[in-house]
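> Fold the stuff below for me.
(2 chains)
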Amino acid sequence: MAHVTEYLPLLLAGLRTTLLLAISTMVVGLILGMLLALAKLSKSPWLSRPAYAFTNFMRGIPEFLVLLLIYFGGTQVLNGMLPEGGFEVSPFGAGLAALSVIFGAYASETFRAAFQSVPKGQIEAGRAYGFSTWKTFRYIQIPQIWRVAIPGLGNLWQGSVKDTALVSIVGLDDLMRKAQQASQTTREPFTFFFVASLMFLAITLVSMWIIARLERRASRGFAGAR
Amino acid sequence: MQILVDILSRYGWDFVSGTWLTIQLVTISAILGVLLAIPVALGRLSPNPFVSGIAAAYSLFFRGTPLLVQIFLIYFGLGQFDFVRDSILWPILREAYVCALIAFVLNTAAYSGEIVRSGILAVPRGEIEAAHACGMSAVTTYRMVILPRAFSICLPAYSNEVIILLKGTSLASTITLMELMGVSRLAASATYEPIQVFAIAGVIYYLLTLVITRIFRLLENRYNRYILHAR
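Below you'll find the model as predicted:
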């Protein structure tokens, strides 16, 4: 137990990196997911077909594989392009790219379903009142999409927090890697991996609470909708 | 293209053996996971707060923490305790293969337990009442009515869980197992062609998910034919 207090600052620094990566992943992933959903719903097959193929493939391969592909493959591509070579993709950059692409692929399905849940008549009504496409999107579609999408997006967030642990394998100094370092020097692997797992559990529990509040807030216009 | 042919001619058999190990890990974990999921689900539904509390804590821990931490806890962590090292099970528990399987089974059983629980809750009340009215005991009702009905309700959701399990088995490569991902990592670092090697692995994983989807569609057609035909 004495070791845990000794290494606690190290672990907390790792926790910060983990949270930073998870939050950046969500921000980039939400934007990607929204764009992919719009592409899927587009009337042009040149947009919708590739979007479907891409998300289906992404959802069928391991997250770990995507991460290694971007981390090692990115280095390979960059060194091929730059003549001087010696370039390397940072673990954080590779982790952010891999996890947000995965987040985006899953989120696009959530958004697509949510878009389709908004009755067509409301969009037509918006247009009839002279709302521009953007205003219809912003004031009529988004608030309702949000309500339907929150539970699905919440699950995705929980998943990507856990997936950040994978990035420790390519060398990101996150909670997982700090726990590994502490367990190697102290020879107490169980203790430190257990403490790390409790920290992940704490993130999960806090997230559950926040998601429940967001859901309640998004549904406030719907009587008995909670 | 030439590079792909080179990689396949040099590492083709490694990919085959890696894929075979992946299939083994998925199949064994899925079967043991479901067997463990049923007591977990029954525990979660138990009126006894002690039993349901333990089942809920188990489920929360394994669903709320990364699979990688769980694998490391078991593979690296267990050796920290002298009583584990001294026990007769140590030669088995030292094996990466066994540790990976334990982690996968415990992890998937927590997720499947939730699926089974919601399946049990979705069995129509009338059917349970009918079973009681026919004079079935609680155990018989579970065995003859509730569990078979829950099984068919769970089947579609369970196929997703098996796909997640397949993707999770790629983490076994972090503890030295040479399954599909382990083989690919080795081939990628030996050939310096990570993109091509991981692309091959990606296609194999994708084909495996398609196979799993297909198997579950067949199972659904077989076991849910009474529902499908009614439509």
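> helices or strands up against the helix or strand hosting A:G154?
In this assignment (DSSP states H and E), A:G154 forms part of helix A:142-167. Contacts defined by 3 or more C-beta pairs under 8 Å, 6 or more residues apart in numbering or on different chains; DSSP states H and E place helix A:142-167 against helix A:2-41, helix A:63-81, helix A:91-117, helix A:175-186, helix A:189-218, helix B:67-72. All C-beta spots, glycine's among them, are computed from the backbone N, C-alpha and C.
> How far does that helix sit from its chain's centre?
Taking the mean of its C-alpha atoms, helix A:142-167 sits 7 Å from the chain's own mean (C-alpha atoms, centre = their mean, to the nearest Å).
> what does stretch A:21-30 give?
On C-alpha atoms, centre = their mean, the centre of stretch A:21-30 falls 5 Å from that of its chain.
> Give me the buried positions along that stretch.
A:L21, A:A22, A:T25, A:M26, A:V28, A:G29, A:L30 (16 or more other C-beta atoms under 10 Å in any protein chain shown).
> just stretch A:144-155 next, same as before
Buried-residue list, stretch A:144-155, by 16+ other C-beta under 10 Å: A:Q144, A:I145, A:W146, A:R147, A:V148, A:A149, A:I150, A:G152, A:L153, A:G154.
> from the buried residues of stretch A:21-30, which is closest to chain B?
Set against chain B, the nearest of the buried residues of stretch A:21-30 by C-beta to the nearest C-beta is A:A22 (11.3 Å).
> ok, that closest one - contacts?
Going by C-beta atoms under 8 Å, 6 or more residues apart in numbering or on different chains, A:A22 touches A:W157, A:S160, A:V161, A:T164, A:I203.
> quick one: low-confidence ranges for chain A?
A:1, A:85-86, A:223-226 (pLDDT under 70).
> got the residues of it near chain B?
Proximity of chain A to chain B (C-beta under 8 Å from any C-beta of the partner chain) is limited to residues A:57, A:60-65, A:68-69, A:72-73, A:75-77, A:158, A:162-166, A:168-169, A:176, A:179-180, A:183, A:187-191, A:193-194, A:196-197, A:200-201, A:204-205.
> The nearest residue to B:I71 once chain neighbours are set aside: how many residues sit nearby?
Among residues not flanking B:I71 along the chain, B:A103 sits closest, at 4.4 Å (C-beta to C-beta, 6 or more residues apart in numbering or on different chains). If you count neighbours by other C-beta atoms under 10 Å in any protein chain shown, B:A103 ends up with 25.
> Tell me the helix or strand right after the helix or strand containing B:A103.
In this structure, B:A103 is located in helix B:96-122 according to DSSP H and E. Following helix B:96-122 in sequence order, the next helix or strand is helix B:125-133 (DSSP H and E).
> helix or strand right after the helix ranked longest in chain B?
Secondary structure of chain B per DSSP state H: the longest helix is helix B:2-45. Per DSSP H and E, helix B:2-45 leads on to helix B:49-64 as the next helix or strand towards the C-terminus.
> touching chain A at all, that next one?
Yes - using C-beta under 8 Å from any C-beta, we find that helix B:49-64 touches chain A at B:L60, B:F61, B:G64.
> Now rank these by neighbours and give me the top one.
Neighbour counts for the residues of helix B:49-64 next to chain A peak at B:G64, which has 21 neighbours (criterion: other C-beta under 10 Å).
> per-residue confidence for that residue?
pLDDT, B:G64: 95.
> what's it in contact with, if anything?
Neighbouring residues of B:G64 by C-beta under 8 Å, 6+ apart: A:Q158, A:F200, A:L201, A:T204, A:L205.
> And for the last one, the neighbour number?
So that's A:L205. A:L205, neighbours per other C-beta under 10 Å, totals 12.
> How about the third one?
Other residues lying near A:L201 total 16 when counted by other C-beta under 10 Å.
> Let me know whether it touches B:F61 as I believe.
Yes - with contact defined as C-beta atoms under 8 Å, A:L201 reaches B:F61; the gap is 6.7 Å.
> count of residues packed around B:P66?
24.
> and it, how far is that from chain A?
Remark: distance between B:P66 and chain A (C-beta to the nearest C-beta, to the nearest Å) = 4 Å.
> quick one on the thing from earlier: could you dump the helices and strands packed on helix A:142-167 to JSON lines with distance to B:R185?
Output for those, formatted as JSON lines (distance: least, C-beta to C-beta, whole Å):
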{"stretch": "helix A:2-41", "distance to B:R185": "22"}
{"stretch": "helix A:63-81", "distance to B:R185": "7"}
{"stretch": "helix A:91-117", "distance to B:R185": "15"}
{"stretch": "helix A:175-186", "distance to B:R185": "18"}
{"stretch": "helix A:189-218", "distance to B:R185": "22"}
{"stretch": "helix B:67-72", "distance to B:R185": "15"}
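> Tell me which of these approaches B:F50 most closely.
helix A:189-218 (21.0 Å; C-beta to C-beta).
> Also compute the angle for that closest one relative to helix A:142-167, please.
Per axes from the mean of the first three to the mean of the last three C-alpha atoms, to 10 degrees, the angle that helix A:189-218 makes with helix A:142-167 is 170 degrees.
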